[in-house]
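**Q** Model the following, please.
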Amino acid sequence: MSEKTYSGKMRVSFDLDEVLFVSPETHKTEPKLPFPLDRIFKERLRLGTPELINSLQNMGYEVWVYTSSFRSIRYIKLLFLFYGVRFDDIVNGTRHLREVQRDRKEILPQKLPNRYRISLHIDDESIVCSMGRQYGYNTYQLNAQDDNWKEKIIERAEEIRSNRL
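**A** Numbers count the residues shown, from 1 in each chain. Just a heads-up that it's a prediction; the model follows:
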């Protein structure tokens, strides 16, 4: 990570699978993209995702994707653009391996948000969330359907931001 990319704004990152990408069988979702886009972008967004990301950015947060998925950054950017969302940055599995793991002998966790100065990471995996204490990053665990998920994440982000001041 280059220092020039750090803006000083508080950063919030989201995992993709089971956090922003969910199954319509278990979660409320945004409408499918129209044909033929729905054939290319099969993932379904958790209901309220565009609204939450845009709200966080309007509140002065940088919003990132931090995923261990190896989907291309271009694919992720394009999919979300069709929903009116532009992320401030994206870390996928490839970038994480290149910039965080590099040539280290010891295997690092699949995500280390603090390496990118991310103040809050939202994930569904309890192991990623529990490692936050050990590695020094804040998390919010989200997995089940929750109609108040957007408000809870904003509340957690605001709590962290107020503690930084």
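**Q** quick one: contacts for the nearest residue to residue 62 once chain neighbours are set aside?
**A** Distances taken as C-beta to C-beta, 6 or more residues apart in numbering place residue 88 nearest to residue 62, at 4.0 Å, with adjacent residues excluded. For every residue, glycine as well, the C-beta is placed using N, CA and C. Neighbour list for residue 88: 11, 57, 62-64 [criterion: C-beta atoms under 8 Å, 6 or more residues apart in numbering].
**Q** Ok, residue 12 next?
**A** 56, 61-64, 118-122, 153, 157.
**Q** Can you pull the phi/psi pair for it?
**A** Reported as degrees, to the nearest 10, the phi and psi values for residue 12 are phi -120, psi 130.
**Q** which helices and strands does the helix ranked longest in the chain pack with?
**A** When every helix of the chain is counted residue by residue (DSSP state H), the longest turns out to be helix 149-164. Secondary-structure packing of helix 149-164 (3 or more C-beta pairs under 8 Å, 6 or more residues apart in numbering; DSSP states H and E): helix 49-58, strand 120-123, strand 138-141.
**Q** Give me the angle between it and helix 49-58.
**A** 20 degrees (axes from the mean of the first three to the mean of the last three C-alpha atoms, to 10 degrees).
**Q** Buried residues in helix 149-164, which are they?
**A** 149-150, 153-154, 156-157, 161 (16 or more other C-beta atoms under 10 Å).
**Q** Just send the contacts of residue 88 back as TSV, with distance to residue 141 and secondary structure too.
**A** Converted to TSV, the contacts of residue 88 look like this (distance: C-beta to C-beta, whole Å; DSSP: H, G, I helix; E, B strand; the rest coil):
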residue	distance to residue 141	secondary structure
11	18	strand
57	22	helix
62	21	strand
63	18	strand
64	18	strand
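**Q** Give me the buried positions along the lowest-mean-pLDDT helix or strand in the chain.
**A** Across the helices and strands of the chain, mean confidence by mean pLDDT, DSSP states H and E is lowest for helix 126-135: a mean of 91. With burial defined by 16+ other C-beta under 10 Å, the residues of helix 126-135 counted as buried are 128-129, 131-132.
**Q** Next, the contact list for residue 95, please.
**A** Applying C-beta under 8 Å, 6+ apart, we find residue 95 in contact with residue 73.
**Q** Helix, strand or coil: sort out it for me.
**A** helix (DSSP: H, G, I helix; E, B strand; the rest coil).
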